[in-house]
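1. Structure for the following, please:
(2 chains)
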2 protein chains.
Amino acid sequence: MNDSFILHAQLEADCHRLGELNQQILLLRDDVRFPWFILVPKVNVGEIFQLDQEQQAALWSAARQVSTFVESGYVPDKLNIATIGNVVPQLHLHIIARYQSDVCWPGVVWGFEGAQAYPGGAVDDIKSRLQESFLQTGLWVSA
Amino acid sequence: MNDSFILHAQLEADCHRLGELNQQILLLRDDVRFPWFILVPKVNVGEIFQLDQEQQAALWSAARQVSTFVESGYVPDKLNIATIGNVVPQLHLHIIARYQSDVCWPGVVWGFEGAQAYPGGAVDDIKSRLQESFLQTGLWVSA
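-> This is a model prediction of the structure:
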C-alpha cells in the first residue's frame, strides 16, 4: 500500500471517488442504472494472486463490508462481484447490485452501453450513508 | 460444507467435474475456446457474504490455488474472476484465462454464444495436470 498510488485515468473518468475503506479506494461508477461500486487496492498489480496474503485479506474484508452495505441499502436480487480488467489493467473489483427489473438483466453489465450520470446531490447522499455505515469501524476515510 | 450438497443441474450440464479442492467442487466449462474453471462451495447459498468467514477463506484459498495453476499452465493475458449468478443462483466462482487473441476479447465471456466442446482425452489431460499440481497439498480429490 502506498500514498503515491495513481488511480487509472479511465477509472478516474468513469467514476466518482467515494472514499477509502480498509485502504482500498472506493469508487462509484457514474451510471445511475446500476448501483455499481468498485474497490481498488492501492497496489500496482493486475491480478489478485499478485497481492500478498495480507493485501488479499484486506481486499476481501473491504469487499465483504461493501457487499453488506449494498445488500442492506439497495436490497438487490443478486450481487455481481468480479475482477475483469480486460480494458483497464489496474486491479479493481466490481461490486454491483443487480435486479431482475434492471435494463440488462440477466446479462452482465460490462460492455453494456448508455451510462446515465447521477443527478446532482445523489452522490453526496451515498457518501453520507457510507460515512454513517463505516465511520465507527475506523477503516473509512471520506473522499 | 456437506456431502448431501447437490450441484445445480445447469452447472452439471455445462461442465465437466474435475474434482474437489479444499472442499470446493472444481468444474471445467465444456468450451475449448476459453480455459474456464468454476469453483463451487458445497454450501447452499447464493452470495459470498452468506458464507461464514471460514467458508469464505476456504473459497478464496482455493481460488488462489486455481489462479496460480491457470497462470502457470495457460499463461493468459488476463484472469477474469467473478461470481455473477444471474442465471444459475447457486454460488459459483468463475476463474477464466483470457487472451487478447481469443474470440471475444476484450468483451466478457458470459452470454457469449457458441460453446465448443473439448475433444476426447483433453479433459483427462487437464485432470492429470491438476492431480500433479495439487496432490501433495492434501486438499485435492479427483472426480
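2. residues touching residue A:11, list them.
-> Residues near residue A:11 by CB atoms under 8 Å, 6 or more residues apart in numbering or on different chains: A:27, A:38, A:40, A:88, A:90, A:92. C-betas here are computed from N, CA, C, even on glycine.
3. If we use 7 Å, what do you get?
-> With contacts taken as CB atoms under 7 Å, 6 or more residues apart in numbering or on different chains, residue A:11 has the following neighbours: A:27, A:38, A:40, A:88, A:92.
4. Just the closest of the residues you listed to chain B, please.
-> Distances from the contacts of residue A:11 to chain B were compared by CB to the nearest CB; the smallest belongs to residue A:88, at 9.9 Å.
5. Can you list phi and psi of the closest one for me?
-> Comment: the main-chain dihedrals of residue A:88 come out as phi -110, psi 110, following degrees, to the nearest 10.
6. Tell me which residue is most central in chain A.
-> The residue at the geometric middle of chain A, judged as the C-alpha nearest the mean C-alpha position with CA atoms, centre = their mean, is residue A:38 (1.7 Å).
7. Doesn't that residue lie inside a helix?
-> No - with the criterion set as DSSP: H, G, I helix; E, B strand; the rest coil, the secondary structure at residue A:38 is strand rather than a helix.
8. Show me which residues of chain A are close to chain B?
-> With the criterion set to CB under 7 Å from any CB of the partner chain, chain A comes near chain B through A:47-49, A:56, A:60, A:64, A:67-68, A:71, A:78-87, A:98, A:105-108, A:110-111.
9. Please tell me I have it right and residue A:48 contacts residue A:56.
-> Yes - with the criterion set as CB atoms under 7 Å, residue A:48 and residue A:56 qualify as a contacting pair; they are 6.3 Å apart.
10. And those two? Which one has more around it.
-> In this view residue A:48 and residue A:56 are compared by other CB atoms under 10 Å in any protein chain shown, and residue A:48 has more residues nearby, 21 against 18.
11. three-state assignment of the residue of chain A most remote from its centre?
-> Among residues of chain A, the one most distant from the C-alpha centroid is residue A:101; the distance is 21.5 Å, by CA atoms, centre = their mean. Using three-state DSSP, the structure places residue A:101 in coil.
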